[in-house]
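Trainee: Provide a 3D model corresponding to the input given below.
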Amino acid sequence: MTVIGGMCIMFVIGSFFLWSNISIYVLSYFYITNKDIHLGFIPLVDTLLKFCKFLGNIVGMYLL
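Mentor: Next comes the predicted model:
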């Protein structure tokens, strides 16, 4: 359980800090598939990542 909890925390923290570096590249990929996506898409994904970080920290701490 400790290893699973630690992995959850590392995935959540890693994705949270990685987003600022790759957000423009992800946006350009989604723009290729859907022309209606614009820069307003980045804060939506950032909000989702913050929620996942919050949830992952709670679940990870109980598993740790």
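
Trainee: Next one, pLDDT for Phe16 please.
Mentor: Here, the pLDDT recorded for Phe16 equals 65.

Trainee: again but with Asn34, I slipped
Mentor: Looking at Asn34, its pLDDT reads 79.

Trainee: same question, Met7
Mentor: At Met7, the pLDDT value in this model is 82.

Trainee: what number of residues lie near it?
Mentor: A count of neighbours around Met7, defined by other C-beta atoms under 10 Å, yields 12. In short, each C-beta sits where N, CA and C put it, glycine included.

Trainee: helices and strands around the strand or helix carrying it, which ones?
Mentor: Using DSSP states H and E, Met7 falls within helix 2-33. If you count contacts as 3 or more C-beta pairs under 8 Å, 6 or more residues apart in numbering; DSSP states H and E, helix 2-33 packs onto helix 41-63.

Trainee: Distance of the nearest residue to Val26 once chain neighbours are set aside relative to Phe11?
Mentor: Using C-beta to C-beta, 6 or more residues apart in numbering and skipping residues adjacent in sequence, the residue nearest Val26 is Val45, 7.4 Å away. Distance, Val45 to Phe11, by C-beta to C-beta, to the nearest Å: 16 Å.

Trainee: My read is that the residue nearest to Val26 contacts Ser23, right?
Mentor: Yes - between Val45 and Ser23 a contact is recorded at 7.3 Å, counting by C-beta atoms under 8 Å.

Trainee: Of all residues in this protein, which one is nearest the centre?
Mentor: The centre of the chain sits closest to Leu49, judged by C-alpha atoms, centre = their mean, with a distance of 3.6 Å.

Trainee: how deep is Ile13 tucked in, by neighbour count?
Mentor: Ile13 has 14 nearby residues by other C-beta under 10 Å.

Trainee: what residues are up against it?
Mentor: Counting by C-beta atoms under 8 Å, 6 or more residues apart in numbering, Ile13 makes contact with Lys53.

Trainee: roughly how far apart are it and Met7?
Mentor: Using C-beta to C-beta, one obtains 11 Å as the distance from Ile13 to Met7.

Trainee: One more: Val26?
Mentor: Taking C-beta to C-beta, one finds Val26 at 23 Å from Met7.

Trainee: Show the model's pLDDT score for the residue nearest to the centre of the chain.
Mentor: So Leu49 comes in at 74 (pLDDT).
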